[in-house]
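Peer 1: Sequence and predicted model, in that order:
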Amino acid sequence: MARWSVRIDPPWSLDAWRDAARLALRHAVPPEQLDWLHGEEASLLDAPPLQTIEAVADTAHDAPTYVSKAFVELAATCVCHRDPQRLPLLYRMLWRIAHGERGLLATPTDPDVLRATALSQAVRRDSHKMKAFVRFREVPGEQDAFIAWFEPDHLIVDRVAPFFARRFTGMRWAILTPSRSVRWDGHVLTFGPGRTQADAPTDDAREELWRTYYANIFNPARLNTRMMQQEMPAKYWKHLPEAALLPQLVRDAGDRVQEMHDREAQAPRRRIPQPASGLPVVAKAAPATLDTLRDAASACRRCPLWEPATQTVFGEGPADASIMLVGEQPGDSEDLSGHPFVGPAGQLLDRALRELGIERSALYMTNAVKHFRFERRGKRRIHSKPQITHVNACRPWLMGEIENVRPQVIVCLGATAATAVFGAGFNLMANHGRWHVLDDGTRAFATVHPSWVLRQTADAARDGAYQLLKGDLQQLVEVKRIR
Ligand code: URA
């Protein structure tokens, strides 16, 4: 009985596994006659390399084996698992599919399917953790260069690196792990051997920002240590700047909840929240500037919207603007460009401002939610309204912007922005254009969103909606720049 051996290089490569598996299948090598070798390991039975089979075997079946997309996806994740049995397992499954068990994956109780599914899930989970818990630290003495140290459970660096290239396109960065490293120079990803933690910087100025941010968003009343450990397993804590705070925050949680109850009992409920006192975050850290906020927000993961979005779209405009416009969330064009109000809604807004003689460049423009929420339909990304949880997750950034800019006037465009600034239950149509005074004295009103104007299908309705928007914005003409 002929025996063969095969070594996959690199051992997490789906292409390399597929080439070997195809070759073995073409020559009808049964799974039990193929040794899948790891690293430097030698074949115990001196089986010759599979690659030499063409020269020896005189029969080959040229009919290709087709497998489902689901199997390819399963294989693509499984190959990244560290389990040495994953490669023979995948080949055994391929063999079975090619030999009449085409519906194999539809049998979830099959031991091979069960095992492969478990391996695949472990790799997906590990990839998710890497995306969430990698923290870049500035390289001392170099400008805009960052290095992160991370210890994944599986062989996922190649799989996850393109995510970071998309997410941090404009930065130069490297991620070092014990078995592989990857570098991004702004154009290409370059992979290299594993490194040690000593090769990565340990601390940078941003750490303090992260710590302040985390301490402030930590809500003791919602403490659930079991969930916390599931979501942020202890093995990752040690590399997170904010992690040093956790033991103390957890210890103090009980007292802080009591304190919150006591405070709640004394304070009258306010319908209009006070932006300044709501500021829980980075703005309170030492350099409380829009730049530091923008920087910290670019890595925000307070809600899941960051993941499918291209980037955080932070507010823009003069840091001492008299007027702040708050929209709902970036749209497709804003998500791609990184700037607020540049798409169709922004252009309609520009037209209204122009007709009113208001300089857009004098305004600070931002959004209640800083990531684009969308649904995919084919190649298109369709806007999807953010939920209150997204608005709440983003509130610290908006409050930080308000605290820094200290505008005389805030204009909320649409119901989502109005909810973010005035609180839940604001009736836009009943109150549009009506002035309110926030607790810190800032004057504010809400009006319709330019996208709502664009959504009106009949010409007359669209024109009416536009006049309503413009009529409300007219009030800004009176706002004098006092700084
Ligand atoms: N709509 C918004 O609310 N904000 C933008 O930045 C773009 C469209």
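Peer 2: Ah, there it is.

Peer 1: Identify the bridge partners of the closest residue to the ligand within the stretch 301-450 of the chain.
Peer 2: The stretch 301-450 of the chain approaches the ligand most closely through residue 327 (2.6 Å), counting by Cβ to the nearest ligand atom. (Glycine included, C-beta is placed from N, CA and C.) Beta bridges link residue 327 to residue 367, judged by DSSP bridges.

Peer 1: How many neighbouring residues does it have?
Peer 2: Residue 327: 28 surrounding residues under other Cβ atoms under 10 Å.

Peer 1: which residues does it contact?
Peer 2: 340-341, 345, 365-368, 413-414, 417, 449 (Cβ atoms under 8 Å, 6 or more residues apart in numbering).

Peer 1: repeat that with 7 Å
Peer 2: 340-341, 367, 413-414, 417, 449 (Cβ atoms under 7 Å, 6 or more residues apart in numbering).

Peer 1: Show only the entries of those found in strands.
Peer 2: Filtering the contacts of residue 327 for membership in strands, criterion DSSP state E, returns 367, 413.

Peer 1: Let me have the contacts of residue 327 in TSV, extended by neighbour count and pLDDT.
Peer 2: Putting these into TSV (neighbours: other Cβ atoms under 10 Å; pLDDT from 0 to 100) gives the following:
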residue	neighbour count	pLDDT
340	24	96
341	26	97
367	30	98
413	27	98
414	24	97
417	29	97
449	24	98
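
Peer 1: Also within reach of the ligand: list those from the contacts of residue 327.
Peer 2: Residues of the contacts of residue 327 in contact with the ligand (Cβ under 6 Å from any ligand atom): 340-341, 367.

Peer 1: which one is residue 4 nearest to, not counting chain neighbours?
Peer 2: residue 50 (4.5 Å; Cβ to Cβ, 6 or more residues apart in numbering).

Peer 1: Same question for residue 410.
Peer 2: In this structure, residue 410 finds its nearest non-sequential neighbour in residue 444, 4.0 Å apart by Cβ to Cβ, 6+ apart.

Peer 1: Surely the residue nearest to residue 4 is in contact with residue 6?
Peer 2: Yes: the pair residue 50 / residue 6 is scored as a contact, 4.1 Å apart, by Cβ atoms under 7 Å.

Peer 1: which neighbours do the two share?
Peer 2: 20, 34.

Peer 1: what residues does the stretch 251-400 of the chain put near the ligand?
Peer 2: Residues of the stretch 251-400 of the chain lying near the ligand (Cβ under 6 Å from any ligand atom): 327-331, 334, 340-341, 343, 345-346, 367.

Peer 1: And the residue nearest the centre of this protein?
Peer 2: Centroid check for the chain by Cα atoms, centre = their mean gives residue 307 as the closest residue, at 2.5 Å.

Peer 1: how about the strands in the stretch 1-150 of the chain?
Peer 2: With strands called from DSSP state E, counting those that start in this stretch, the stretch 1-150 of the chain shows them at 4-7, 34-37, 137-138, 145-149.

Peer 1: and the third one, how far out from the chain's middle?
Peer 2: Read that as strand 137-138. 19 Å (Cα atoms, centre = their mean, to the nearest Å).

Peer 1: Partner strands of it, with direction?
Peer 2: Applying DSSP bridges, you get strand 145-149 (antiparallel) as the partners of strand 137-138.

Peer 1: Contacts for the strand it pairs with, please.
Peer 2: 134-139, 171-176, 197, 200-201, 239.

Peer 1: what's around the residue in the stretch 1-150 of the chain that the ligand sits nearest to, how many residues?
Peer 2: Residue nearest to the ligand within the stretch 1-150 of the chain: residue 131 (24.9 Å; Cβ to the nearest ligand atom). Neighbourhood size, residue 131 [other Cβ under 10 Å]: 16.

Peer 1: Give me the nearest residue to it, chain neighbours excluded.
Peer 2: Closest to residue 131 by Cβ to Cβ, 6+ apart is residue 163, at 5.8 Å.

Peer 1: hang on, the one you found packs against residue 132?
Peer 2: No: at 10.9 Å, residue 163 does not count as touching residue 132 under the criterion of Cβ under 7 Å.

Peer 1: In contact with the residue nearest to residue 319 when sequence neighbours are not counted, which residues?
Peer 2: With Cβ to Cβ, 6+ apart as the criterion, residue 319 has its nearest non-adjacent residue at 5.4 Å, and that residue is residue 290. The contact partners of residue 290, taken as Cβ under 7 Å, 6+ apart, are 319, 401, 404.

Peer 1: can you give me phi and psi for the second one?
Peer 2: Note on residue 401: its backbone torsions stand at phi -70, psi -40 [degrees, to the nearest 10].

Peer 1: count of neighbours near it?
Peer 2: Around residue 401 there are 28 residues (other Cβ under 10 Å).

Peer 1: Just the pLDDT for it.
Peer 2: For residue 401, the model assigns a pLDDT of 94.

Peer 1: who touches the closest residue to it other than its chain neighbours in this structure?
Peer 2: Once flanking residues are discounted, residue 401 sits nearest to residue 315: 5.1 Å by Cβ to Cβ, 6+ apart. Listed by Cβ under 7 Å, 6+ apart, the contact set of residue 315 reads 340, 364-366, 401.

Peer 1: Pull out the buried residues from stretch 373-380.
Peer 2: Of all the residues in stretch 373-380, those buried under the rule 16 or more other Cβ atoms under 10 Å are 373-374.

Peer 1: please begin residue numbering at 47 from this point
Peer 2: In the new count, where the first residue is 47, that last one comes out as stretch 419-426.

Peer 1: Quick check: end-to-end length of that stretch?
Peer 2: End-to-end distance of stretch 419-426 (Cα to Cα, to the nearest Å): 13 Å.

Peer 1: what does stretch 478-492 give?
Peer 2: Taking Cα to Cα as the measure, stretch 478-492 stretches 5 Å from start to finish.

Peer 1: Kindly report the same for stretch 65-82.
Peer 2: End residues of stretch 65-82 are separated by 13 Å (Cα to Cα).

Peer 1: can you check stretch 227-238 too?
Peer 2: 5 Å.

Peer 1: on that earlier part again, redo the residues of the stretch 297-446 of the chain next to the ligand as a markdown table? Include distance to residue 428.
Peer 2: Formatted as a markdown table, these follow (distance: Cβ to Cβ, whole Å):
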| residue | distance to residue 428 |
| --- | --- |
| 373 | 18 |
| 374 | 14 |
| 375 | 13 |
| 376 | 14 |
| 377 | 10 |
| 380 | 15 |
| 386 | 19 |
| 387 | 19 |
| 389 | 13 |
| 391 | 14 |
| 392 | 18 |
| 413 | 18 |
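
Peer 1: how deep is the closest residue to residue 347 other than its chain neighbours tucked in, by neighbour count?
Peer 2: Ranked by Cβ to Cβ, 6+ apart and with sequence neighbours excluded, the top spatial neighbour of residue 347 is residue 178, at 6.0 Å. The number of residues packed near residue 178 is 14, by other Cβ under 10 Å.
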